[in-house]
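J.: The sequence and its predicted three-dimensional model are supplied below.
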Amino acid sequence: MVKKKVFEILSQVFDPEIPVVNIVELGIIKEVICENNSIEIKISPTYSGCPAMNIIEDDIKFQLQKNGFENIVVTKVFSNWTTELLSNETKEKLKSYGIAPPNRINAIEINNEKKIFCPKCNSSKTNLKSKYGSTACKSFYYCENCLEMFEYFKET
């Protein structure tokens, strides 16, 4: 029962770089351990060195304390996070926010070049502009159809 409540609270913690997706949906919660009046939350970054992890850790502690929990430990583990953990609903949230979601359906190969569909107009007339976007887990693309830049959440 306590673990269920903790997961409900964790679903109120949003990724600071993608504020439409919470950390449960993002799949970075690896384990919740409730023992002897303490809670340990194990989290894993989407990419090693993710600058948001410290903010997420603080947000987790804040939300749990706000809801009456004490003795909270957040442990960073470096497991193999993968974009396969994202549900179709989460990918749709990314797309609605303007980030091309990671999936093979969202990309096609033309002349050995990966083309990502624009999240704004669904065109495949896109070009990679930078391997790295605002964070290491995203890259920048340009859409020749709607003339907009957009980020693509890289597959892992």
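T.: The structure has been received and is ready for your questions.
J.: For Pro102, which non-adjacent residue is spatially closest?
T.: Thr83 (3.9 Å; Cβ to Cβ, 6 or more residues apart in numbering). The way it works is simple: take the backbone N, C-alpha and C, and place the C-beta from them, glycine included.
J.: again, but for Pro101
T.: Excluding its sequence neighbours, the residue lying closest to Pro101 (Cβ to Cβ, 6+ apart) is Lys91, at 3.6 Å.
J.: Quick check, that neighbour in contact with Tyr97.
T.: No. Lys91 is not in contact with Tyr97 according to Cβ atoms under 8 Å; the separation is 10.7 Å.
J.: So which of the two has more stuff around it?
T.: Lys91 (21 against 14; other Cβ atoms under 10 Å).
J.: What's the separation between that one and Gly133?
T.: Distance of Lys91 to Gly133, computed by Cβ to Cβ, to the nearest Å: 17 Å.
J.: Okay, helices next: where are they in this protein?
T.: All helices of the chain, identified by DSSP state H, fall at 2-10, 23-26, 53-66, 88-97.
J.: quick one: which of these is nearest Thr156?
T.: With Cβ to Cβ as the measure, helix 23-26 is the member of the helices of the chain nearest Thr156 (12.4 Å).
J.: Run the chain-centre distance for the closest one.
T.: The chain centre lies 7 Å from the centre of helix 23-26; the measure is Cα atoms, centre = their mean, to the nearest Å.
J.: Point out the other helices and strands that that helix packs with.
T.: Contacts defined by 3 or more Cβ pairs under 8 Å, 6 or more residues apart in numbering; DSSP states H and E place helix 23-26 against helix 2-10, strand 14-15, helix 88-97.
J.: export the ones you listed to a markdown table and tack on mean pLDDT?
T.: As requested, those are arranged in a markdown table below (pLDDT from 0 to 100):
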| stretch | mean pLDDT |
| --- | --- |
| helix 2-10 | 95 |
| strand 14-15 | 96 |
| helix 88-97 | 94 |
